[in-house]
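>>> Generate a structure from the sequence data that follows.
(one chain, ligands or ions: 2)
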Amino acid sequence: MVQYNIALIGFGGVNRAFAELVAERNNRWRTELGFQLNIVAVTDLNLGSVVSANGIDARMLIETRFERGGFAKLSGGSAEADNEQVIRQAPADIVAEATFTNPYDGEPAVSHCRWALESGRHVITTNKGPVALAAADLKALARRNHVSFEYEGAVMSGTPVIRMAKTMLAGSGLNGFEGILNGTSNFVLGRMESGLGFSEAIGEAQALGYAEADPTADVEGHDVRLKVVILANELLGATLTPGDVSCRGISSLTVGDIESAAKERCRWKLIGSAIRGEDGRIEASVAPRRLALDHPLAGVGGAINAVSINTDLLGAVTVTGPGAGRVETAYALLSDIVAIHRAVHVNKEAAE
Ligand SMILES: NC(=O)c1ccc[n+]([C@@H]2O[C@H](COP(=O)([O-])OP(=O)(O)OC[C@H]3O[C@@H](n4cnc5c(N)ncnc54)[C@H](O)[C@@H]3O)[C@@H](O)[C@H]2O)c1
Ligand SMILES: N[C@@H](CCO)C(=O)O
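Ligands and ions are numbered 1, 2, ... in the order given. Sure, this is the predicted structure:
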């Protein structure tokens, strides 16, 4: 039986939900997927660090109400988040990076990924910073160290848009995309249509685990800008940085704007898009758009995301599914491990 030792960096909504999946589903994964997971290290800015080569009980981790620095009370624990030491020295095969997204330079998550890859650990991450701002370097580092860098959850949480488009639409002539790529702002717009105030709607999105640590990133469009960079670079072969993407969020929309759109059978949506022009240049933007109710993206509600990918051979192919949520995003981490497992074990077995 294959077992992967996992280090969790950041123990907030996503990695907690992932630990819960490990506690509930490891037996099932053994049978269905051919591997089981063993959490050997966890670090968190608020809780500290804990390392155990024999494994840390996932159920204990999620059921204990730790205070600040509370990992110090566990065997192998410390009150400090010793990220570098844990990432480089814990006996992990895979490092799951799920700390805050920093939209400016991606740090400290970029360093977390770099330390892990340099130390020969696979990296799985839901953090948009390292993927949008340092993917090329991190992929090269992964190749040099014969490990994988996987990041399906960075766009549309557990809905597999990156892997699906890169593998299943290969050769179809991808030339652009447009879509709803932020669960929080889509949820907030829907709640405002139902009469809720902007701040109350954001509060609900935070409670449901959709929002960024600083929800300004959601409502000002910065989160979508990172996702547009990621999709454009992954799917269209672009080399965009966030500065290349014009960006406007939903914070300037008023209840009056939303009501007048509704009277004219329209609805506001925050749309991220990129398109390859005649000259080969990629134009990318994030902006609220007033869509007629019969537009395919107008009916996408709540924290659901949808992206229509333009192809030469098929026309538009639309992927829709959850775009935020703790469990939904934790699933993306599992899907990354499945990809690593298939690359390492299944392909090796097929070659033998
Ligand atoms: N929640 C979602 O729906 C969702 C979806 C897709 C992607 N993401 C991304 O996944 C990541 C995690 O999201 P989340 O919802 O769990 O966020 P969260 O705010 O609930 O958790 C982040 C955790 O990281 C810890 N942390 C921050 N900096 C750290 C550091 N330097 N060292 C160790 N720990 C640190 C924090 O203490 C916190 O517990 C974020 O980058 C987010 O953008 C989240
Ligand atoms: N805050 C983000 C999480 C998913 O990246 C959203 O609401 O879409």
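>>> what about the protein, any weak spots by pLDDT?
347 (pLDDT under 70).
>>> Centroid-nearest residue for it?
Closest residue to the average C-alpha location of the chain: A154 at 2.5 Å, with C-alpha atoms, centre = their mean.
>>> need the residues of the stretch 51-200 of the chain near ligand 2, please.
For the stretch 51-200 of the chain, the residues in contact with ligand 2 (C-beta under 6 Å from any ligand atom) are S157, N182, G183, T184. Heads up, the C-betas are built off the backbone N, CA and C, glycines and all.
>>> One more pass at 8 Å, please.
Counting by C-beta under 8 Å from any ligand atom, the stretch 51-200 of the chain comes close to ligand 2 at 101, 126, 128, 153-157, 181-187.
>>> Now do the contacts for the residue nearest to the centre of the chain.
By C-beta atoms under 8 Å, 6 or more residues apart in numbering, the residues touching A154 are T125, T126, N127, K128, V131, A132, I162, L226, K227, I230.
>>> What is the most widely separated pair among the residues of the stretch 51-200 of the chain next to ligand 2?
A154 and F187 (19.1 Å; C-beta to C-beta).
>>> Using the three-state scheme, assign the closest residue to T320 other than its chain neighbours.
Take T320 and drop its neighbours on the chain: the residue closest to it by C-beta to C-beta, 6 or more residues apart in numbering is A306, 3.8 Å away. Of the three states, A306 takes strand under DSSP: H, G, I helix; E, B strand; the rest coil.
>>> what's the neighbour count on A96?
A count of nearby residues for A96, using other C-beta atoms under 10 Å, gives 30.
>>> And K348, by the same measure?
9.
>>> try the one 3 residues further on
Taking other C-beta under 10 Å as the criterion, the count of residues near A351 is 6.
>>> Break down the stretch 101-250 of the chain into its helices, ranges please.
109-118, 128-144, 161-163, 183-193, 198-207, 216-219, 222-235 (DSSP state H, counting those that start in this stretch).
>>> is ligand 1 contacted by stretch 246-262?
No. If you take C-beta under 8 Å from any ligand atom as the test, stretch 246-262 misses ligand 1, and the best it gets is 15.8 Å.
>>> is ligand 2 contacted by that stretch?
No. Stretch 246-262 is not in contact with ligand 2 by C-beta under 8 Å from any ligand atom; minimum separation 11.7 Å.
>>> Show me which residues of that stretch are buried.
Buried residues in stretch 246-262, defined by neighbour count with 16 or more other C-beta atoms under 10 Å: C247, G249, I250, L253, I258, A261.
>>> and if you look at stretch 26-40?
W29, L33, F35, Q36, L37, N38, I39, V40.
>>> What lies in contact with that stretch?
1-8, 19, 22, 51-56, 58, 61, 90-92, 334, 337-338, 341, 345-346.
>>> Appreciated, that's everything.
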